[in-house]
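Visitor: How does the following fold in three dimensions:
(one chain, ligands or ions: 1)
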Amino acid sequence: MTQHPAAEPSHPESPTVLDHDVVIVGAGFAGLYAAKKLGRAGVDVLLLDQNPYHQFQPLLYQAATSQIAISTVARPLREILRGERDHVKIRTARVADVDATTKTVTTEDGLVYRGKILVIAVGTEPNFFNTPGARELAYPLYSVDDATSLSSAMLGALERAAATQEAGGERRPFGVAVVGAGPTGVETAGAIAENINAVVSEQYSPDFAASINVHLIDMGDTVLPPFSKQSQKYTRRSLQDLGIIIHLGAAVASVTENGVTLADDTTIPAGIVVWTAGLKASGLLGAAGLPTGRGGRVDVRPDLTVPDFPGVYVLGDAANIVDAKGRTLPQLGSVAKQSGQWAADNIQAELAGQAPTPFGYRDLGFMAMIGRGHAVAEVTPRRFQINGLLAFLSWLAVHLVLLSGMQQRIAALVSWFRDYLTTSRPQVVVYQPQQYARTRQRGTTADRSTTGVNND
Ligand SMILES: Cc1cc2nc3c(=O)[nH]c(=O)nc-3n(C[C@H](O)[C@H](O)[C@H](O)COP(=O)(O)OP(=O)(O)OC[C@H]3O[C@@H](n4cnc5c(N)ncnc54)[C@H](O)[C@@H]3O)c2cc1C
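Guide: Numbers count the residues shown, from 1 in each chain. Alright, predicted model coming up:
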């Protein structure tokens, strides 16, 4: 494939445009696997991401609860793509603007890149649904930054509560509220409860641990809405066994310094509120003039290209992708990864003057971890249901395979073994109250949207 990272002399006032065969924005599952496959085939690719690392979202909740180290969920892109470095150029920059008609992107530092093919794989961002106080006070769990902030805040809150109790101060119940009972909320609430029951109980005191309540709140009438009734029942029972107080049919009206207020004026006291109630498409997509549909995502053709924008692909969570039966696929790591790999094949066909083919998704099902020895899984397109220890082991195996990097896999395996067999979580090393305060002032992942406005 021809390489032509040539600088184009244009109008003296206008910025230099840097050309590549393929420009990919976003190095999540979709963008990364597209770049890797194209690089292996010798295609000239520029991969742009705001971070110099690939973040493994499915294990962020474990990083936030100190089960595994941050280095297990964030792997440097230059390390992952070192075998493809002759063909895949990496640039760490935040894309501020996309022009899908000319297939150019402009980074915040003013550089302009143009591809014969443009791939947009920017994922999603937290949706606070304009809930008062949520953006400012609740912790989303979408990025490594979010996991670090939550971990630091949990540690700070525990230390403050323990000091207050020791000083004979008011013994107010210290609560943690997780808003959203989908897979991320269930996994996070389960991990926090286990942390309190096992680790806090041992490292602080059983009495102190017993004074901490973990709440799981959702406006819907069930936990894990996409799962079967049997899985939901099992999950609910397992969460309650961990001591989690479940509030269903409970709409959050506001988040305050003291916790969560529900629509019926009930207050749930919580020093920490974790927000896993929803995601929305990146503001970059609408601003680029791309045709957006459900969830603000781009409705792509079956071959993953965008109607009326030849040579533009939108992949992974940023797209509404349909399967062969016309059903919209869920926002899952497996969909993103496979869409990236499929798009790489279509892009090679397109560059060779051939027609792209419709995406064929290999449906592996879905699963959710609840806690030590407990998980639910519905596997294959027939949704074969398993729960308990077998689902727990399957979850570990699937995530081990999905995780990028041998060192990361070994580190995760060691951490899981230690976590299963002991009550030790030595990863509790992120304690940066100053850094944390700055992060909250600057805003969350969502606040750093390209439009620069609150677009809940
Ligand atoms: C907490 C959590 C747990 C999950 N658990 C599971 C699970 O167990 N199993 C499963 O299958 N799926 C899970 N998912 C879903 C899965 O992680 C996503 O479907 C998948 O990551 C989507 O991949 P993507 O490449 O489309 O987007 P992302 O992985 O979100 O990647 C988008 C990339 O784009 C970059 N980016 C965004 N905007 C810009 C910009 N303006 N400029 C430059 N770069 C930008 C980001 O830095 C990021 O690297 C989970 C998601 C979350 C949030």
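Visitor: Could you use CA atoms for every contact and neighbour count after this?
Guide: Fine.
Visitor: what's the burial count for residue 327?
Guide: Counted with other CA atoms under 10 Å, residues neighbouring residue 327 total 10.
Visitor: So which residues of the stretch 351-456 of the chain form helices?
Guide: Under the criterion DSSP state H, counting those that start in this stretch, the stretch 351-456 of the chain contains helices at 389-402, 406-421, 433-442.
Visitor: Other residues contacting the first one?
Guide: Okay, so that is helix 389-402. In this structure, residues lying in contact with helix 389-402 by CA atoms under 8 Å, 6 or more residues apart in numbering are 58, 367-369, 372-377, 409, 412-413.
Visitor: which of those lies closest to the ligand?
Guide: The shortest gap between the ligand and any of those belongs to residue 58, at 3.3 Å (CA to the nearest ligand atom).
Visitor: Show the pLDDT at that closest one.
Guide: Looking at residue 58, its pLDDT reads 94.
Visitor: before we move on, what about residue 327?
Guide: Looking at residue 327, the pLDDT reads 87.
Visitor: if I look at it, how far off is residue 302?
Guide: Here residue 327 is placed at a distance of 11 Å from residue 302 (CA to CA, to the nearest Å).
Visitor: Repeat that for residue 88.
Guide: For residue 88, the distance to residue 302 - CA to CA - is 26 Å.
Visitor: Kindly report the same for residue 150.
Guide: When CA to CA is applied, the distance between residue 150 and residue 302 equals 38 Å.
Visitor: Compare those two (neighbour count), which wins?
Guide: More neighbours surround residue 150 than the other of residue 150 and residue 302, with 25 against 18 (other CA under 10 Å).
Visitor: Please name the nearest non-neighbouring residue to that one.
Guide: Spatially, and ignoring its direct neighbours in sequence, residue 150 is nearest to residue 64 (5.9 Å; CA to CA, 6 or more residues apart in numbering).
Visitor: how many neighbours does the one you found have?
Guide: When neighbours are defined as other CA under 10 Å, residue 64 has 29 of them.
Visitor: Over to the one 10 residues further on?
Guide: Per other CA under 10 Å, the neighbour tally for residue 74 reads 22.
Visitor: does it really touch residue 51, like I thought?
Guide: No: contact criterion CA atoms under 8 Å: residue 74 and residue 51 do not qualify, at 9.7 Å.
Visitor: For this protein, give me the ranges with low pLDDT.
Guide: Residue ranges of the chain with pLDDT under 70: 1-14, 169-173, 423-456.
Visitor: So which bits of it are right by the ligand?
Guide: 25-31, 48-51, 54, 57-58, 60, 93-96, 121-124, 141-142, 184, 316-318, 331-334, 336 (CA under 6 Å from any ligand atom).
Visitor: Please indicate which of those are buried?
Guide: Among the residues of the chain next to the ligand, those scoring as buried are 25-31, 48-51, 54, 57-58, 60, 93-96, 121-124, 141-142, 184, 316-318, 331, 333-334, 336 (criterion: 16 or more other CA atoms under 10 Å).
Visitor: and those, which of them are in helices?
Guide: Among those, DSSP state H puts 29-31, 60, 184, 333-334, 336 in helices.
Visitor: burial measure for the residue nearest to residue 362 when sequence neighbours are not counted, as a count.
Guide: Spatial nearest neighbour of residue 362, chain neighbours left out: residue 338 (8.0 Å); criterion: CA to CA, 6+ apart. For residue 338, the count of nearby residues is 21 (other CA under 10 Å).
Visitor: So residue 338 versus the ligand, what's the distance?
Guide: Distance, residue 338 to the ligand, by CA to the nearest ligand atom, to the nearest Å: 10 Å.
Visitor: just residue 102 next, same as before
Guide: 18 Å.
Visitor: how would you label that residue: helix, strand or coil?
Guide: Under the three-state scheme (DSSP: H, G, I helix; E, B strand; the rest coil), residue 102 adopts coil.
Visitor: Strands along the stretch 151-300 of the chain, start to end?
Guide: For the stretch 151-300 of the chain, the strands defined by DSSP state E, counting those that start in this stretch cover 174-179, 212-218, 245-248, 252-256, 259-262, 267-269, 272-275, 279-281, 298-299.
Visitor: Pipe those into a markdown table and attach distance to residue 420 per row.
Guide: A markdown table is the format used below for those (distance: least, CA to CA, whole Å):
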| stretch | distance to residue 420 |
| --- | --- |
| strand 174-179 | 23 |
| strand 212-218 | 21 |
| strand 245-248 | 23 |
| strand 252-256 | 34 |
| strand 259-262 | 31 |
| strand 267-269 | 30 |
| strand 272-275 | 24 |
| strand 279-281 | 31 |
| strand 298-299 | 41 |
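Visitor: right, and those - which one's nearest residue 81?
Guide: strand 279-281 (26.7 Å; CA to CA).
Visitor: The closest one packs against which elements?
Guide: Other helices and strands packing on strand 279-281, by 3 or more CA pairs under 8 Å, 6 or more residues apart in numbering; DSSP states H and E, are strand 124-126.
Visitor: what does the strand it packs on contact?
Guide: Outside strand 124-126, the residues within contact range by CA under 8 Å, 6+ apart are 140, 142, 276, 278-282, 317-318, 445-446.
Visitor: ok, now stretch 79-99?
Guide: By CA under 8 Å, 6+ apart, stretch 79-99 touches 25, 35-36, 39-40, 42-52, 77-78, 104-109, 284-285, 287-289, 404-405, 450.
Visitor: For residue 372, grab phi and psi.
Guide: When quoted as degrees, to the nearest 10, the phi and psi of residue 372 stand at phi -50, psi 110.
Visitor: ok, it - contacts?
Guide: Contact analysis of residue 372 by CA under 8 Å, 6+ apart lists 392, 420.
Visitor: And it, how far from residue 113?
Guide: Noted for residue 372: a distance of 47 Å to residue 113, by CA to CA.
Visitor: Same check on residue 326?
Guide: Separation of residue 326 from residue 113 (CA to CA) stands at 34 Å.
Visitor: Please say which of those two ends up with more neighbours.
Guide: More neighbours surround residue 113 than the other of residue 326 and residue 113, with 23 against 9 (other CA under 10 Å).
Visitor: what's the distance between the residue nearest to residue 362 and residue 53?
Guide: 20 Å.
Visitor: can you check residue 367 too?
Guide: Noted for residue 367: a distance of 26 Å to residue 53, by CA to CA.
Visitor: And for residue 164?
Guide: Separation of residue 164 from residue 53 (CA to CA): 39 Å.
Visitor: More neighbours: those two, which one.
Guide: Under the neighbour definition other CA under 10 Å, residue 164 and residue 53 were set side by side, and residue 53 has more, 20 against 14.
Visitor: surely that one meets residue 74?
Guide: Yes: with contact defined as CA under 8 Å, residue 53 counts as touching residue 74 (5.8 Å).
Visitor: Thank you kindly, that will do.
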